[in-house]
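>>> Quick one, fold the following:
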Amino acid sequence: MIKLKILFILLINGLFLSAQQQTVLPADTVKKETVEKPVETKPNNQPKPYKEVITDKAITKHGLLDVHRIDDRFFMEIPDTLLGRDILVVNRIAKAAAGIRPQIHVYAGDQIGENVIRFERGPSNKVFIRRMIFTENSADSTANGMYRSLVRSNIQPISASFAIKAFGGDSLKIKTSVIDVTDFLQTENEVFYFNSTVKKSLSIGAVQNDMSYIDDICPYPANVEIRTVRSYLKVSTDPNAGVSTLPITYELNSSLLLLPETPMRPRYADARVGFFSRGFYDFDSNPQGVKEKAFITRWRLEPKAEDRAKYLRGELVEPKNPIVYYIDPATPKKWVPYLIAGVNDWQEAFEQAGFKNAIKALPAPGNDSTWSIADARHNVIVYKPSAIANASGPHVHDPRSGEIMETHINWYHNIMQLLRNWYMIQAGAIDSRANTMQFDDELMGQLIRFVSSHEVGHTLGLRHNYGSSSTVPVEKLRDKNWVEKHGHTPSIMDYARFNYVAQPEDKIGEKGIFPRIGDYDKWAIEWGYRWFPQFKTPEDEEPYLNQWIIKQLRSDKRYFFGGEYESTDPRSQSEDLGDDPILASSYGLKNLQRILPRLKDWTREENEGYENWQAMYIELLKQYRLYMAHVLKLIGGKYATYKSIEQDGSIYEPVEYEKQKAAMKFLAENLFETPRWLLNDTIGSYMALNPAVYIGSAQYAALMRLQGSDILLGFTKNQAKGDKGYGISEFLNDLKQAIWTEIYTHKPIDIYRRDLQKLYIDNTFKSFKSVNEIVGANNGNGLILYINPDPTRSDVSSIIRAHLLSLCDDINKEIIRTDDELTKYHLQDIVSRIKKGLDVEEKK
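Numbering: from 1, shown residues only. You can find the predicted model right below:
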């Protein structure tokens with residue numbers, strides 16, 4: 001196995017789960033010994049006879065456990081068969097509070113907490129709830145094995161205690177314990193309500209018990225639904241403000257879902273195939289230490305017993321339990337068919353894994369009082385009346401095995417505005433349907449379909465594959481026959497929105513513009529979901545899976561996976577296309593230059609102002625910045641190609657010298673040299689914005705990267721090793737020529753370039769600071785923060801000092817030559833800044 005980075009704070013597509021829900025033992029190593037036997041002690045308080053507790057006034061509902069309501073009191077009747085069983089608790093907002101909303105956890109269906117609990121009978125006639133924390137694993141239960149030691153060292157916390165009010169049972173002699181859960185549900189706790197992270201993000205204060213109540217508890221055969229109404233005080237984020245006396249009220253739902261008694265057999269994660277994963281410390285793999293491992297999250301797809309032989313012969317069979325999604329009844333009816341299509345498009349991928357009809361979407365049942373959008377048994381695409389322009393696909397899984405149990409895809413209403421903006425700016429030059437603010441329903445429907453497919457991919461366990469589009473030659477993106485057949489990226493899990501490389505003369509249709517499920521997606525689903533009964537443990541599978549990956553990658557580079565957190569690999573980028581960022585961005589710029597003069601007409605709407613024009617102009621500026629960023633990543637970049645020991649070649653390799661040189665030339669011509677085509681005087685007379693600010697921010701971001709200590713140190717090491725790669729001296733000279741062109745061509749320096757050059761000097765002096773910028777990245781399992789290397793403890797500061805002195809000499813020569821007054825004043829100021837900065841460093 002090629003190990004993924006493992007952290008125990010799980011992040012799935014932007015949603016932090018409870019810090020207490022962590023990784024666990026692989027499923028087939030869970031031992032029944034972990035459930036302590038009930039302690040037989042003489043009770044302090046003798047439970048009452050059953051009929052004295054559950055009286056004739058009780059309203060009883062039957063299911064996984066029986067629930068009795070007597071007036072405003074709620075009793076759960078826990079059968080002994082449920083004691084010690086793992087139960088997944090998923091807490092969600094059923095109805096959201098009115099008022100101002102932050103970006104997450106604010107709409108019906110949003111998840112606000114997750115735990116695994118066990119009911120356990122304790123001493124003195126009590127029932128405990130233990131919240132399960134799993135971070136370590138050992139399957140070795142022999143006398144000298146680690147398993148027994150781990151059990152002794154991992155006592156699971158008791159989160160609640162209930163006095164047994166009565167014992168019950170049925171004709172099968174199954175003993176039950178009746179407990180009153182009313183008081184616990186009326187207190188604030190993380191088992192059934194907000195976890196602390198979400199509560200803090202929503203600025204929620206103390207619960208107001210007199211304005212809160214239990215609405216209902218409904219048991220079903222495999223789950224229990226608890227519905228409560230909770231009022232809270234609002235905590236201000238302003239430390240000078242007082243506590244608000246105005247409450248906010250939520251209706252919350254907690255789903256208690258019984259996890260399988262026998263967990264699914266896990267499949268170990270591999271960095272070459274992009275799945276979400278759960279990590280743990282394994283005490284068995286390394287007899288002389290501990291090994292970090294992770295297993296992927298996926299649905300349990302298995303053939304029906306009667307079809308297993310057919311499956312193994314290569315015939316397509318239906319799975320025992322297909323994956324079914326429901327469309328929220330609140331969804332506008334005209335978009336429902338497109339959301340359903342986005343789900344059903346994955347059927348072809350599962351057929352490659354040997355299953356037919358494995359995945360499907362249906363409208364939510366009508367007039368069915370037993371169906372609830374908050375029920376954890378149902379997978380729902382939840383429609384949210386939100387101004388947020390987004391969609392997300394989180395999922396809930398069994399932490400013992402990675403088995404996905406259910407999902408609620410978040411579909412925000414305003415995603416359509418985002419889709420329109422993307423499509424107009426990226427495809428407006430090649431698709432006339434995008435030349436208006438109001439797309440027709442068919443075009444918008446197809447845009448919805450592609451986003452639906454992408455989010456469903458996340459709920460199947462797939463991570464973003466930012467590297468997928470890098471496997472496609474740029475010129476193929478302009479080849480009508482090729483791109484319409486293969487698509488512009490092999491993965492819909494890439495952030496490769498639309499084919500902005502295609503030019504109007506290429507006459508490429510929708511199939512060559514839109515993303516769709518591709519070769520990588522089908523391969524990833526097959527790798528994660530193919531059923532292998534011949535292997536008894538996840539360890540047994542590993543050699544086969546490893547060789548399978550090696551074979552696939554040798555056969556076609558389109559199976560390459562590049563994670564979204566490869567910060568130095570230019571192949572793995574958001575919103576990029578093709579195998580050459582410079583060429584792809586050049587084509588993209590040509591299309592932007594075609595679109596810009598037409599935006600006024602495209603955004604015109606009767607009886608409206610010019611807000612549309614301004615909004616889309618800003619979108620165009622953002623797209624321009626993306627093209628610059630794609631090229632920028634080549635400079636100082638490093639390819640990361642993960643391999644097992646059986647594969648030849650290096651894992652980390654620097655970007656080719658020629659590509660880095662070409663990238664510097666591209667940035668000099670298209671970013672550092674003021675892009676005046678974007679500074680349209682006509683636009684400025686209609687809009688309350690300064691385009692130069694957007695261009696300046698792009699230049700600032702570029703210099704922050706190029707002058708960061710990590711990049712400079714990398715160039716220094718290349719030069720020290722005597723490599724033919726891009727060394728720091730050549731890099732600094734190229735950057736100087738790009739930023740200070742006028743002092744070598746003897747031309748006046750305009751206001752935009754003067755600002756850029758001042759920024760350059762300010763950034764350069766960061767090379768003399770011992771603490772540089774803190775860099776953050778997220779690998780899908782948690783946040784990683786690191787500090788760029790200290791430039792003062794390397795050759796970087798020495799080289800930068802020499803660079804500044806040389807630049808100062810060149811500027812002084814130009815001061816003598818220039819006749820332009822503002823240029824002269826500016827250059828004199830720069831010399832003063834350099835001397836002052838160096839003097840400060842000398843005094844230190």
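>>> Any stretches of the stretch 351-500 of the chain with poor pLDDT?
374 (pLDDT under 70).
>>> Show me where it has its helices.
Counting by DSSP state H, counting those that start in this stretch, the stretch 351-500 of the chain has helices at residues 415-427, 441-459, 480-486.
>>> Quick one, which of these gets closest to Ala94.
For the helices of the stretch 351-500 of the chain, distance to Ala94 was read as Cβ to Cβ. The smallest value, 20.5 Å, belongs to helix 441-459. The way it works is simple: take the backbone N, C-alpha and C, and place the C-beta from them, glycine included.
>>> Can you list the helices and strands that that closest one packs against?
Secondary-structure packing of helix 441-459 (3 or more Cβ pairs under 8 Å, 6 or more residues apart in numbering; DSSP states H and E): helix 336-344, strand 391-392, strand 404-412, helix 415-427.
>>> Just name the most buried of the ones you listed.
Ranked by mean neighbour count, the helices and strands packed on helix 441-459 are led by strand 404-412 with a mean of 24 (mean count of other Cβ atoms under 10 Å).
>>> Same list (the helices and strands packed on helix 441-459) but as CSV, adding distance to His488.
Below are the helices and strands packed on helix 441-459 laid out as CSV (distance: least, Cβ to Cβ, whole Å):
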stretch, distance to His488
helix 336-344, 18
strand 391-392, 21
strand 404-412, 24
helix 415-427, 11
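>>> So for Met211, which of the ones you listed sits nearest?
Nearest to Met211, of all these, is strand 404-412, at 27.4 Å by Cβ to Cβ.
>>> Adjacent strands (with direction) for the closest one?
Strand 404-412 pairs in its sheet with strand 379-384 (parallel), strand 391-392 (antiparallel), strand 395-397 (antiparallel), by DSSP bridges.
>>> Centre of the chain to it, how far?
Relative to its parent chain, strand 404-412 has a centroid offset of 13 Å by Cα atoms, centre = their mean, to the nearest Å.
>>> can the strands paired with strand 404-412 go into JSON lines with extra columns for distance to Tyr657?
Putting the strands paired with strand 404-412 into JSON lines (distance: least, Cβ to Cβ, whole Å) gives the following:
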{"stretch": "strand 379-384", "distance to Tyr657": "48"}
{"stretch": "strand 391-392", "distance to Tyr657": "41"}
{"stretch": "strand 395-397", "distance to Tyr657": "44"}
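>>> nearest to Pro570, of the ones you listed?
strand 391-392 (26.7 Å).
>>> Quick check, pLDDT for Asp535.
Just to correct that, residue 535 is Phe rather than Asp. The pLDDT attached to Phe535 in the predicted structure is 96.
>>> Under a three-state scheme, what state does it occupy?
Here Phe535 is recorded as coil under DSSP: H, G, I helix; E, B strand; the rest coil.
>>> For Asp648, see how far away Tyr559 is.
Between Tyr559 and Asp648 the distance is 17 Å, computed by Cβ to Cβ, to the nearest Å.
>>> and Asp820, what is it in contact with?
Pro748, Ile749 (Cβ atoms under 8 Å, 6 or more residues apart in numbering).
>>> Could you count how many residues lie near Asp216?
Neighbour count of Asp216, defined by other Cβ atoms under 10 Å: 12.
>>> what secondary structure does the closest residue to it other than its chain neighbours sit in?
Distances taken as Cβ to Cβ, 6 or more residues apart in numbering place Arg227 nearest to Asp216, at 4.9 Å, with adjacent residues excluded. Here Arg227 is recorded as strand under three-state DSSP.
>>> Which positions within stretch 670-687 qualify as buried?
Within stretch 670-687, the residues that count as buried by 16 or more other Cβ atoms under 10 Å are Asn670, Leu671, Phe672, Thr674, Pro675, Leu678, Asn680, Ile683, Met687.
>>> And that stretch, end to end?
End-to-end distance of stretch 670-687: 24 Å, with Cα to Cα, to the nearest Å as the criterion.
>>> and if you look at stretch 318-327?
So stretch 318-327: terminal residues 22 Å apart, Cα to Cα.
>>> Check what contacts that stretch and list those residues.
Counting by Cβ under 8 Å, 6+ apart, 299-305, 307, 336, 339-340, 343, 355-365, 378-381, 383, 407, 409, 456, 460 sit against stretch 318-327.
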